[in-house]
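1. Okay, sequence plus prediction incoming.
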Amino acid sequence: MTGYSPKSGVAECGGPDKQSFDVVFDILANQCRRYVLRCLQKFEDRMALTDVADEIARWGNETNHMDISEVEVERVATSLYHVHIPKLTDADVVEYDQEQNVVALSKNAEQLEPFLVSITQ
């Protein structure tokens with residue numbers, strides 16, 4: 001089997017099979033998803049999706065917090081909600097509570113740490 005499948009999440013990445021690495025590389029191929037993971041690692045807690053979007057907008061534009069427009073933060077939040085958080089949730093590295101609109105790293109996210117350190121330094 002090739003390609004991305006939610007059933008082949010990062011939890012299986014301990015083994016050497018190609019599909020596990022494909023899932024990891026698919027998750028980490030996008031800068032926004034890497035920012036989500038690093039943001040959640042940095043703050044070590046559950047975060048409101050809008051706070052994550054605000055951090056990502058700031059990092060992506062390499063500017064301070066006050067210089068980011070609400071429109072930019074909303075654009076990032078929409079992308080997170082519709083694309084990136086579902087992909088990270090399907091891979092079982094992020095947990096999303098839709099009622100409270102908060103995200104947090106799952107236990108499986110620690111398996112990505114070696115990859116994140118080497119690609120975000």
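-> Alright, I've got the coordinates.

2. Could you look up the SS state of Val103?
-> On the three-state scheme (DSSP: H, G, I helix; E, B strand; the rest coil), Val103 is labelled strand.

3. now swap in the one 10 residues further on and tell me
-> Of the three states, Glu113 takes helix under three-state DSSP.

4. Quickly note the distance from it to Asp92.
-> Between Glu113 and Asp92 the computed distance is 15 Å (C-beta to C-beta, to the nearest Å). All C-beta spots, glycine's among them, are computed from the backbone N, C-alpha and C.

5. next one: Leu28
-> As defined by C-beta to C-beta, Leu28 lies at a distance of 15 Å from Asp92.

6. And the two? Which one has more around it.
-> Between Leu28 and Asp92, Asp92 has the larger neighbour count (other C-beta atoms under 10 Å), namely 20 against 17.

7. Do you have the strands of the protein handy? List them.
-> Using DSSP state E, the strands of the chain run over residues 47-48, 94-97, 102-105.
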